[in-house]
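> Output the structure for:
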Amino acid sequence: MTRSTGMQTALMIAFLVLVWGVNWPLSKYALAYAPPILFSGIRTLLGGLLLLAVAIPRYRRLRFKQTWRIYAVSAVVNVVLYYGLQTIGLGYLPSGLFSAIVFLQPVLVGLFSWLWLGESMNGLKVAGLVLGFAGVAVICGGSGSASGHISAAGILLALGSALSWALGTVFVKKSGAAVDPIWLVSMQLLFGGGFMTALGSRVERWSDVAWSADFIADLLFIAIFVIALGWLVFYRLMDSGDASKVASYTFLIPLVAILTGCLFFGEPFSLSLLAGLILVLGSIFLVNRRPSRRAPRRLAHAAK
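Next up is the predicted model:
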């Protein structure tokens, strides 16, 4: 695939940061109109159906009999657990605070890639890992002053969401070469979204969904721009060789979420949240930064 121009790459990254950032407060807003599992299932299933229109012309790359296990595992960690825990957890914490914890994910990916994929570990990454966990500790420790209490359930759900996303990312890194990326995203959304919609139909009530104009607009924006177009842009950047640039700009996503939540939804903002966010952003920067070639000292990968 041809590489994107500098302007195209910048516009795609800006689009991705913006829509994935506003996703958090918009998702929390939608929970006033729909139960969490049903909402999580509807938005991902709808996004998968939209992406299916893009995937069908590539039907020769599906190879379902050989690759269905990859789609199934990816659906569990990247959709059912990630989106499911995310949507339930947003009911316990402000969206900005929740997203700041979830975006410990790039730090966890760095750790898991070292442990399981044999990727290099260096001093910058070690410092980033320590800084990231310190940032989450500061955020969690100071959240009570902003909201009146610390929601242990919300924090655990945010950490679970970050963990499932990190595991899903490492799994795709390891086995994603065997599948077409568009079919991978389409099938994981269809599998995961279908499962959560079915589960929500059993444990929640469709009558609790308020199909107002605001909710429908919110749902369509998330399904079209955040999930369908967001993943298409993400893989376009991956295919064009801009993965490192995307990784280095992910730290802006929780910042967009926090600013949107504070400005438009009246969510609390505290100095501890700011301090913890700065530590998490710094950790992501260090984990994604390449060390100088003149000092390539690395930690040896643990022998099995």
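> From now on I want contacts and neighbour counts done on CA atoms only, so please keep to that.
Fine.
> Could you tell me what pLDDT the model assigned to Trp183?
At Trp183, the pLDDT value in this model is 94.
> Quick check: chain neighbours aside, which residue is closest to it?
Spatial nearest neighbour of Trp183, chain neighbours left out: Ala55 (5.7 Å); criterion: Cα to Cα, 6 or more residues apart in numbering.
> Quick check: the one you found vs Trp231, distance?
Using Cα to Cα, to the nearest Å, one obtains 12 Å as the distance from Ala55 to Trp231.
> do Ala223 as well
The spacing between Ala223 and Trp231, counted by Cα to Cα, is 11 Å.
> the helices in the chain, which residues?
6-30, 36-55, 64-75, 82-89, 95-102, 105-117, 123-147, 152-175, 181-203, 213-221, 230-239, 243-249, 252-265, 271-288 (DSSP state H).
> Just give me the lowest mean pLDDT stretch among those.
Among these, helix 243-249 carries the lowest mean pLDDT, at a mean of 62.
> picking that back up, list the contacts of the residue nearest to Trp183.
Residues near Ala55 by Cα atoms under 8 Å, 6 or more residues apart in numbering: 182-183, 186.
> quick one: which of these is nearest to Leu51?
Using Cα to Cα, Ser186 is the member of those that sits closest to Leu51, with 5.6 Å.
> Look at that closest one and say how many residues are nearby.
Ser186 has 29 neighbouring residues, counting by other Cα atoms under 10 Å.
> what's the spacing between the residue lying closest to it once chain neighbours are set aside and Pro35?
Nearest residue to Ser186 in three dimensions, chain neighbours excluded: Gly48, at 4.9 Å (Cα to Cα, 6+ apart). Separation of Gly48 from Pro35 (Cα to Cα): 20 Å.
> more crowded one of these two?
Gly48 (27 against 22).
> you'd agree that one is up against Gly194?
No. Between Gly48 and Gly194 there is no contact under Cα atoms under 8 Å: 9.4 Å.
> In contact with the residue nearest to Thr260 when sequence neighbours are not counted: list those residues for me.
Nearest residue to Thr260 in three dimensions, chain neighbours excluded: Val22, at 6.4 Å (Cα to Cα, 6+ apart). By Cα under 8 Å, 6+ apart, the contact list for Val22 reads 256-257, 260.
> any idea which of these is closest to Asn122?
The nearest one, if we look at these relative to Asn122 and count by Cα to Cα, is Val256, at 29.7 Å.
> count of residues packed around the nearest residue to that closest one once chain neighbours are set aside?
Closest residue to Val256 apart from its sequence neighbours, by Cα to Cα, 6+ apart: Gly21 at 4.9 Å. Here the number of neighbours of Gly21 (other Cα under 10 Å) works out to 25.
> looking at it, Gly21 is touching Thr250, isn't it?
No. Counting by Cα under 8 Å, Gly21 stays clear of Thr250, with 9.5 Å between them.
> Ala223 and Trp231: who's more crowded?
Ranked by neighbour count (other Cα under 10 Å), Ala223 and Trp231 place Ala223 first, with 23 against 20.
> Would you mark the buried spots in stretch 97-115?
Residues of stretch 97-115 classed as buried: 97-114 (neighbour count, 16 or more other Cα atoms under 10 Å).
> CA atoms only for that stretch, dumped as CSV, please.
Extracted in CSV, the C-alpha atoms of stretch 97-115 (Å, rounded to 0.1, in the frame of the first residue of the first chain):
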residue,chain,number,x,y,z
LEU,A,97,-10.9,10.0,34.8
PHE,A,98,-11.9,6.6,33.4
SER,A,99,-10.2,7.2,30.1
ALA,A,100,-7.0,8.5,31.8
ILE,A,101,-6.8,5.1,33.6
VAL,A,102,-7.6,3.1,30.5
PHE,A,103,-4.8,4.8,28.6
LEU,A,104,-2.3,3.0,30.7
GLN,A,105,-2.8,0.5,27.9
PRO,A,106,0.2,1.5,25.7
VAL,A,107,2.4,1.0,28.8
LEU,A,108,1.0,-2.5,29.4
VAL,A,109,1.5,-3.3,25.7
GLY,A,110,5.2,-2.4,26.1
LEU,A,111,5.5,-4.7,29.1
PHE,A,112,3.6,-7.6,27.5
SER,A,113,5.4,-7.3,24.2
TRP,A,114,8.7,-7.7,26.1
LEU,A,115,7.5,-10.7,28.1
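> Thanks a lot, see you next time.
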